[in-house]
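**Student:** Could you look at this predicted model? Sequence included:
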Amino acid sequence: MVGETFSAIMGSGATFGNKDSPVPIMQIGKPGESGHIEWSDMIVQTQGATPGAIVIQYNLNSDRGSGVWDVHTRIGGSKGTNLQVAQCPATVGSVNQQCMAAHTNVHVTKGANGAYFENNWFWTADHDLDDARSTQISIFTGRGLHIEAQNVWLWANGVEHHALYQYQVSHSQSCNMAIQAKANK
């Protein structure tokens, strides 16, 4: 599946309303399935309060050459999300329930062995991209990238602005991460 100029997929509504029973917006394979995927050039996002959304859930036991390239999660901070400065102004010490935007950005589950991710950005907005002043906003997403699978490869990925963690690797073996950093001059 290849997007065109970063095609967007957006999850919204009551299906994603229960933080105690999260549901994926995009599900790659069902638990226990094996197969091949090539996915690139897309954005997956939420609209409004979706505290029970798992933005991307990767379940597929993948073969070599299978993966996700240039697929990004962008939670809030852009037109159409209903998670901009008008709805979610910056706050300190309080949480606007309408700005609870996702349970988890990306979950690579126990059976998703062989998952490959390259050049992906899993971002919860900390500012409004469509505001001329790039005004700070307060959107709440619980978890960034959670990996439980074996033989996972991450190359040049970024995970930002999640409340509980950015990266969490648990019960995994052979999880290979290469992160590129640019030195300040």
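**Tutor:** It's in. Numbers count the residues shown, from 1 in each chain.

**Student:** where's the residue nearest to the spatial centre of the chain relative to residue 65, distance?
**Tutor:** By C-alpha atoms, centre = their mean, the chain has its centre lying nearest to residue 105, at 2.9 Å. From residue 105 across to residue 65, the span is 25 Å (C-beta to C-beta, to the nearest Å). The way it works is simple: take the backbone N, C-alpha and C, and place the C-beta from them, glycine included.

**Student:** cool, residue 122 as well?
**Tutor:** 22 Å.

**Student:** Also residue 145?
**Tutor:** Note on residue 145: its distance to residue 65, by C-beta to C-beta, is 22 Å.

**Student:** low-scoring stretches of the chain, by residue?
**Tutor:** 179-185 (pLDDT under 70).

**Student:** out of residue 122 and residue 65, which sits in the more crowded spot?
**Tutor:** Legend: neighbour count by other C-beta atoms under 10 Å for residue 122 and residue 65, higher for residue 122 (29 against 10).

**Student:** wait, what's in contact with that one?
**Tutor:** Going by C-beta atoms under 8 Å, 6 or more residues apart in numbering, residue 122 touches 55, 72-73, 105-106, 144-145, 157-160.

**Student:** ok now the helix or strand in which it is found, how far from the chain's centre?
**Tutor:** Using DSSP states H and E, residue 122 sits within strand 121-124. Put simply, strand 121-124 sits 6 Å off its chain's centre (C-alpha atoms, centre = their mean, to the nearest Å).

**Student:** And the next helix or strand past that strand?
**Tutor:** For strand 121-124, the following helix or strand on the C-terminal side (DSSP H and E) is strand 140-147.

**Student:** From the chain's centroid, how far away is the next helix-or-strand element following that next one?
**Tutor:** As assigned by DSSP H and E, the chain's next helix or strand after strand 140-147 is strand 152-155. Here strand 152-155 shows a centroid-to-chain-centroid distance of 15 Å under the convention C-alpha atoms, centre = their mean.

**Student:** Show me which positions of strand 152-155 end up buried.
**Tutor:** 152, 154-155 (16 or more other C-beta atoms under 10 Å).

**Student:** For those residues, give me a markdown table that also has distance to residue 15.
**Tutor:** Putting the buried residues of strand 152-155 into a markdown table (distance: C-beta to C-beta, whole Å) gives the following:
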| residue | distance to residue 15 |
| --- | --- |
| 152 | 28 |
| 154 | 29 |
| 155 | 32 |
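
**Student:** Please name the nearest non-neighbouring residue to residue 90.
**Tutor:** Spatial nearest neighbour of residue 90, excluding adjacent residues (C-beta to C-beta, 6 or more residues apart in numbering): residue 136 at 4.2 Å.

**Student:** Since that was my last question, I'll sign off now.
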